[in-house]
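Asker: Return atomic coordinates for the entry below.
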Amino acid sequence: MAKNKTIATANSVTDFINAVEDATKRNDAFELVKIIQKQTGFEPKMWGASIIGFGSYHYKYDSGHEGDAPLVGFSPRKDAFSFYVYLTDENKEELLPDFGKHKVAKACVYFKKLTDIDPEILKKMISLSVKNLNKLYPSN
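Answerer: As a prediction, the model looks like this:
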């Protein structure tokens, strides 16, 4: 079975963010850390080389594949922030129409900068991700 690439590391979150070239993205990343940390109560931690995660949960699929992942995370990618949250279809229908400028993938919401999105909806999404994953994987 393949080994998970995205695992928690001891790498510095601050060093990682300081290496982000774009000043706006760098400042937004530091602000996102503050928002997510306050909303979740978890310290930021590097997951793999480029994801900043908060909290964790252990998953195990029917296929036998298992591992750990952050309850909420983000990565300041070159084109946009990749925001990793677990939202139900109902959550998405309720929150995303008013979230602001974004794109959606299966497990990720992309946005370019914090001024493009509604911070209150961001906070709701963070809280729902933690709640949804703790319900789905209650052994945490």
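Asker: Please point out which parts of stretch 53-66 sit buried.
Answerer: The neighbour-count check on stretch 53-66 (16 or more other CB atoms under 10 Å) flags 53, 54, 55, 56, 57 as buried. Where you see a C-beta, it was placed from the backbone N, CA and C, and this is true even at glycine.
Asker: Is it correct that residue 108 is in contact with residue 81?
Answerer: No - if you go by CB atoms under 8 Å, residue 108 and residue 81 don't touch, sitting 9.6 Å apart.
Asker: Give the bridge partners for the residue nearest in space to the middle of the chain, please.
Answerer: Nearest to the geometric centre of the chain sits residue 73, at 2.0 Å (CA atoms, centre = their mean). Residue 73 has these beta-bridge partners by DSSP bridges: residue 53, residue 84.
Asker: for it, what are its contacts?
Answerer: Neighbouring residues of residue 73 by CB atoms under 8 Å, 6 or more residues apart in numbering: 47, 51, 52, 53, 54, 83, 84.
Asker: How about residue 110?
Answerer: 79, 80, 81, 82, 83, 102, 103, 104.
Asker: rewinding a little: roughly how far apart are the residue nearest to the centre of the chain and residue 21?
Answerer: Residue 73 sits 21 Å away from residue 21, going by CB to CB, to the nearest Å.
Asker: now residue 28
Answerer: From residue 28 over to residue 21 (counting by CB to CB), the distance is 13 Å.
Asker: which one of the two has more residues nearby?
Answerer: More crowded of residue 28 and residue 21, by other CB atoms under 10 Å: residue 28, with 22 against 8.
Asker: pretty sure that one belongs to a helix, no?
Answerer: Yes - assessed by DSSP: H, G, I helix; E, B strand; the rest coil, residue 28 belongs to a helix.
Asker: my guess is it contacts residue 81, does it?
Answerer: Yes - Residue 28 lies in contact with residue 81 (CB under 8 Å); the separation is 7.2 Å.
Asker: Give me the common contacts of the two.
Answerer: Common neighbours of residue 28 and residue 81 (CB under 8 Å, 6+ apart) are residue 113.
Asker: can you pull the buried residues of stretch 21-38?
Answerer: For stretch 21-38, burial by neighbour count (16+ other CB under 10 Å) applies to 25, 28, 29, 32, 33, 36.
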